[in-house]
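J.: Got a sequence here, can you model it:
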Amino acid sequence: MMITPFERLREEILQIEGVHERTNHGVYDHSFHLGRRMIAHVNGRKQLHLTLPKDEARELAAAGKVRLHSITRLAAAGHVVLHFGTDPQFDLAVALVRQLAERTAAELREMAERKSPDV
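T.: Presented below is the predicted three-dimensional model:
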């Protein structure tokens, strides 16, 4: 049986250290989380949504690699949509989720260090 692009993407994302999936979480069929923080979600079976640093989102959109979200306030915050049906788009989707997971993990570690008292 042939694996769908969504199943392939899901498998790749779940191999990223610390990332877990929630299904039917709020309005999202599939969302991917690091700790309690959602880092990406899939609408339907072909659209990956994630929030990138604003400059990076604009740069990727200008290059035609992603589309800014159709809701203006989300687009302004760096929210992008990526169709992952083709190999180049699939590879970009995995790379962006991996980078976002690494950034999020670093932020969470930094927050934990600030909260814990010095020994």
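J.: tell me the contacts of the residue most central in space within the chain?
T.: For the chain, A40 is the residue whose C-alpha lies nearest the centre (CA atoms, centre = their mean; 3.2 Å). Residues in contact with A40 (CB atoms under 8 Å, 6 or more residues apart in numbering) are 13, 31-32, 48-50, 97, 100. No exception for glycine: its C-beta is placed from N, CA and C like everyone else's.
J.: Including neighbour count, secondary structure and pLDDT, could these go into JSON lines?
T.: Formatted as JSON lines, the contacts of A40 follow (neighbours: other CB atoms under 10 Å; DSSP: H, G, I helix; E, B strand; the rest coil; pLDDT from 0 to 100):
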{"residue": "I13", "neighbour count": "22", "secondary structure": "helix", "pLDDT": "95"}
{"residue": "S31", "neighbour count": "19", "secondary structure": "strand", "pLDDT": "91"}
{"residue": "F32", "neighbour count": "25", "secondary structure": "strand", "pLDDT": "94"}
{"residue": "L48", "neighbour count": "26", "secondary structure": "strand", "pLDDT": "95"}
{"residue": "H49", "neighbour count": "18", "secondary structure": "strand", "pLDDT": "95"}
{"residue": "L50", "neighbour count": "23", "secondary structure": "strand", "pLDDT": "95"}
{"residue": "V97", "neighbour count": "21", "secondary structure": "helix", "pLDDT": "96"}
{"residue": "L100", "neighbour count": "22", "secondary structure": "helix", "pLDDT": "94"}
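J.: tell me which of the residues you listed is nearest to G64?
T.: For those, the residue nearest G64 by CB to CB is L48; the value is 15.9 Å.
J.: mind listing what that closest one touches?
T.: Applying CB under 8 Å, 6+ apart, the residues contacting L48 are 9, 40-42, 81-84, 93, 96-97.
J.: and the gap between it and P88?
T.: Look at L48 and P88: by CB to CB, to the nearest Å, they are 14 Å apart.
J.: can you give me the helices in the protein?
T.: 5-14, 54-62, 72-76, 87-115 (DSSP state H).
J.: for the chain, which spans come out with low pLDDT?
T.: Residues of the chain that meet the criterion pLDDT under 70 lie in 25-28, 117-119.
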